[in-house]
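Engineer: okay, structure incoming, though there's no sequence with it:
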């Protein structure tokens, strides 16, 4: 058996350690999103009635990127609700559920409010919205959340309460 020489260390490095370090470098460089790219999730209105349309626009993605949008909410009785849909961004790097088809998820096809009407709870009861609820919309690429926003949904009209106390047992007046 011959002694290990410096040429052996160089061969070991080039043949075994070099490719491993290169793979690690490539994985680090392909992290998403790139630092020079701004992903923008716009949801409007940010507060509204639960049955009124919501506009969802996602921009700043690379063209033809597979992206998942999820909605998570907790209703007035602390029941968890969730929905999700997978989209492919268009040539401009945009996703809009009103124009972009969902290819997988709690619904498929083109539906502007699909992420809301397809929300499911773990025990399939009706959503309790007596006081409204926050809905968290999150965007994932390769199982990594890249952006999110929160909106507020109400069951009833936005009501203002005006207390009129000209009689002692007068109920509140809602306008």
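Structural biologist: Received, thanks. None of these values were measured; they are calculated from a predicted model.
Engineer: only C-alpha atoms from now on, for both contacts and neighbour counts.
Structural biologist: Will do.
Engineer: which residues in this protein form strands?
Structural biologist: 40-44, 47-49, 55-59, 66-74, 80-88, 104-105, 120-121, 133-141, 144-154, 161-162, 173-174 (DSSP state E).
Engineer: can you tell me what sits against the third one?
Structural biologist: With contacts defined as CA atoms under 8 Å, 6 or more residues apart in numbering, strand 55-59 is touched by 39-45, 93-98, 112.
Engineer: give the buried residues for that strand.
Structural biologist: 56, 58, 59 (16 or more other CA atoms under 10 Å).
Engineer: just put those residues in a markdown table and tack on distance to residue 72.
Structural biologist: Below are those laid out as a markdown table (distance: CA to CA, whole Å):
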| residue | distance to residue 72 |
| --- | --- |
| 56 | 15 |
| 58 | 17 |
| 59 | 21 |
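Engineer: nearest to residue 83, of the residues you listed?
Structural biologist: residue 56 (14.3 Å; CA to CA).
Engineer: measure the closest one to residue 111 for me?
Structural biologist: Distance from residue 56 to residue 111, counting by CA to CA, to the nearest Å: 11 Å.
Engineer: between the two, what contacts are shared?
Structural biologist: With CA under 8 Å, 6+ apart as the test, residue 56 and residue 111 both reach 97, 98.
Engineer: which residues does the nearest residue to residue 151 once chain neighbours are set aside contact?
Structural biologist: Closest residue to residue 151 in three dimensions, ignoring its sequence neighbours and counting by CA to CA, 6 or more residues apart in numbering: residue 46, at 4.7 Å. Residue 46 makes contacts with 150, 151, 152, as judged by CA under 8 Å, 6+ apart.
Engineer: hey, what's the last one bridged with?
Structural biologist: Beta bridges link residue 152 to residue 47, residue 134, judged by DSSP bridges.
Engineer: the closest residue to residue 139 other than its chain neighbours: neighbouring residues, count only.
Structural biologist: Nearest non-adjacent residue to residue 139, counting by CA to CA, 6+ apart: residue 69, 4.6 Å away. Neighbours of residue 69 under the rule other CA atoms under 10 Å: 24.
Engineer: again with residue 92
Structural biologist: Using other CA under 10 Å: residue 92 sits among 12 other residues.
Engineer: kindly report the same for residue 152.
Structural biologist: Counted by other CA under 10 Å, the residues lying close to residue 152 total 16.
Engineer: pretty sure it is touching residue 43, no?
Structural biologist: No: if you go by CA atoms under 8 Å, residue 152 and residue 43 don't touch, sitting 10.7 Å apart.
Engineer: what's near enough to touch the closest residue to residue 115 other than its chain neighbours?
Structural biologist: Among residues not flanking residue 115 along the chain, residue 83 sits closest, at 5.8 Å (CA to CA, 6+ apart). Residues counted as contacts of residue 83 (CA under 8 Å, 6+ apart) are 70, 71, 72, 105, 106, 115, 116, 118, 119, 120.
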